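K.L.:
got a predicted structure plus its sequence, pasted below:
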Amino acid sequence: MLYIKSRTQTKQLKYMFNLNHIQVRQFFQLKEDEAAKYIELQSIMKSEDIFLNFKAKPLGELTFGQVSQIKRVFMKPTYENLLECFKTVFKVREDKYLNSDIIHYFYALNWIKSQVMALVEKEKMLIPDPDPDLEMAGVKKLNVFGEMATLINLAQKFSTTPMEIEKWNYNVVFTILLYQKLEGEVRRDYNNITKPK
């Protein structure tokens, strides 16, 4: 697939797609079929961690709650939640966001999306090995709590509230969770090794 990085290439391609030069506010007012042409252009653009001279804050440096919210945005994006996402990541005001060129917006949006995908991929390391005994006991019933189960578990371990854990740095929470998982695997394997035959 062809990926467009330079702004000159993007502008040339915009004309090839027969697209008008518009702002973010205009993009969100387009009918679905018109917006789809811009989305097609976005799909071949690279990403950039700068939006209107605002440097993105790496997602791992945000709070666990902020990262959870940003991940939910990409599951069901709306005008409101995308705006909140840009405010969180780029610290940009709504008026600047709305008056931005759509090309700058797409570069930044693609960066956030790529970071979310990288975090989701990294989080696969946290998936525990299947445990038939836990499955028979009904551990899947806890899935209904989603990320709240993580917050409750850590809150109990650190004698605090789930709301407090949500304010912790994402990278710190991820590291603790990975440590707990690996420590649990080591203990399990050790018990299996030392168990009397």
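P.N.:
That came through fine.
K.L.:
ranges for the strands of this protein?
P.N.:
50-51, 54-55 (DSSP state E).
K.L.:
and of these, who's closest to P196?
P.N.:
strand 54-55 (58.9 Å; Cβ to Cβ). Where C-beta positions appear, they are placed from N, C-alpha and C, glycine not excepted.
K.L.:
quick one: distance of that closest one to the chain centre.
P.N.:
18 Å (Cα atoms, centre = their mean, to the nearest Å).
K.L.:
show residues contacting that strand.
P.N.:
When contacts are defined by Cβ atoms under 8 Å, 6 or more residues apart in numbering, strand 54-55 is touched by residues D49, F90, K91, V92.
K.L.:
ramachandran angles for the nearest residue in space to the first one that is not next to it in sequence?
P.N.:
When the adjacent residues along the chain are set aside, D49 lies closest to A56, with 4.1 Å between them (Cβ to Cβ, 6 or more residues apart in numbering). Backbone dihedrals for A56, given as degrees, to the nearest 10, come out at phi -70, psi 140.
K.L.:
what about A56, how many residues nearby?
P.N.:
Per other Cβ atoms under 10 Å, the neighbour tally for A56 reads 20.
K.L.:
kindly report the same for N191.
P.N.:
9.
K.L.:
for A137, same thing?
P.N.:
By the criterion of other Cβ under 10 Å, A137 has 10 neighbours.
K.L.:
quickly note the distance from it to R25.
P.N.:
53 Å (Cβ to Cβ, to the nearest Å).
K.L.:
who's in contact with Q42?
P.N.:
Counted by Cβ under 8 Å, 6+ apart, Q42 has contacts F106, L109, N110.
K.L.:
pLDDT value on the nearest residue to the first one once chain neighbours are set aside, please?
P.N.:
Spelled out, that is F106. Of all residues not flanking F106 in the chain, Q42 sits nearest, at 4.3 Å (Cβ to Cβ, 6+ apart). With respect to pLDDT, Q42 scores 90.
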